[in-house]
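Asks: Quick check, what structure comes out for this input:
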Amino acid sequence: MNLNKTAPVSHPVIDIIRQRWSPRSFSAKQISQTQMDSVMEAARWSASCANEQPWKYYYAFHGTPGFEKLFNCLSGGNQPWCKNASVLIIAATRRTNEKDGKINEWAEHDLGLANAQLLLQSTSMGIYGHPMAGFDKVKASESLQLEEDIQPICAIALGFLDDADKLEEPFRSREKAVRTRKEIGEFTQVV
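Replies: Now for the predicted structure:
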């Protein structure tokens with residue numbers, strides 16, 4: 001079954017934004033290291049406050065011990081569909097600035113920008129990503145032996161699309177649901 005998940009925009013945007021969505025059904029096709037390098041290159045060139053680039057990505061390919069380590073950090077609600085992802089990522093921030101050691105109040109914002117570029121680059125390559133808040137931050141920190149200054153913020157599953165009907169419920173219905181977003185007027189105000 002081929003789902004059309006192209007965003008029904010109200011105003012013109014670039015195609016890659018319309019095509020990006022967060023699937024749960026991933027095929028057995030694997031992402032190559034070369035493809036991951038391109039995805040990470042996109043994150044590398046994201047904007048950041050004072051050019052601190054506070055993002056850190058810890059990723060592992062399906063079928064490796066690292067994948068199991070990251071998979072075991074995911075919540076029970078994400079594990080059933082993430083098991084087929086080609087790559088799992090823990091996206092984290094460095095809490096302090098390298099230049100002066102002060103708290104970087106914009107680190108999570110900057111990680112979000114880097115994640116957006118990572119996801120758009122992935123989409124342009126036919127690779128889809130699903131960011132998740134549902135993971136155990138403490139377990140991720142311990143499993144990855146992160147320094148105290150490194151804070152896990154989200155997990156991301158990457159892979160190639162597969163048939164939504166292969167998913168169990170409630171994931172199948174969520175995968176097939178029509179995409180919706182708030183209207184612009186609900187989150188903007190001209191001042």
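Asks: Show me what the longest strand along the chain is packed up against.
Replies: Secondary structure assigned by DSSP state E gives strand 150-159 as the longest strand of the chain. Identification of packing neighbours for strand 150-159 by 3 or more Cβ pairs under 8 Å, 6 or more residues apart in numbering; DSSP states H and E yields strand 87-94, helix 107-124, strand 128-132, helix 137-143. The C-beta positions use only the backbone N, C-alpha and C, and glycine is treated the same way.
Asks: what do you get if the cut-off is 6 Å, keeping everything else the same?
Replies: strand 87-94, strand 128-132 (3 or more Cβ pairs under 6 Å, 6 or more residues apart in numbering; DSSP states H and E).
Asks: buried stuff in the helix or strand bottoming out on mean pLDDT in the chain?
Replies: Every helix and strand of the chain was ranked by mean pLDDT, DSSP states H and E. The lowest is helix 171-176, at a mean of 94. Buried residues in helix 171-176, counted by 16 or more other Cβ atoms under 10 Å: 171-172, 175.
Asks: JSON lines please, covering these and showing distance to Tyr58.
Replies: Rendered in JSON lines, the data for the buried residues of helix 171-176 read as follows (distance: Cβ to Cβ, whole Å):
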{"residue": "Phe171", "distance to Tyr58": "25"}
{"residue": "Arg172", "distance to Tyr58": "30"}
{"residue": "Glu175", "distance to Tyr58": "27"}
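Asks: Kindly indicate which of the residues you listed lies nearest Thr96.
Replies: Set against Thr96, the nearest of the buried residues of helix 171-176 by Cβ to Cβ is Phe171 (38.5 Å).
Asks: what's the distance between the closest one and Gly126?
Replies: In this view, Phe171 and Gly126 are 21 Å apart by Cβ to Cβ, to the nearest Å.
Asks: Then Arg94?
Replies: Arg94 is 31 Å from Gly126, by Cβ to Cβ.
Asks: Looking at the two, which is more packed in?
Replies: Arg94 (19 against 11; other Cβ atoms under 10 Å).
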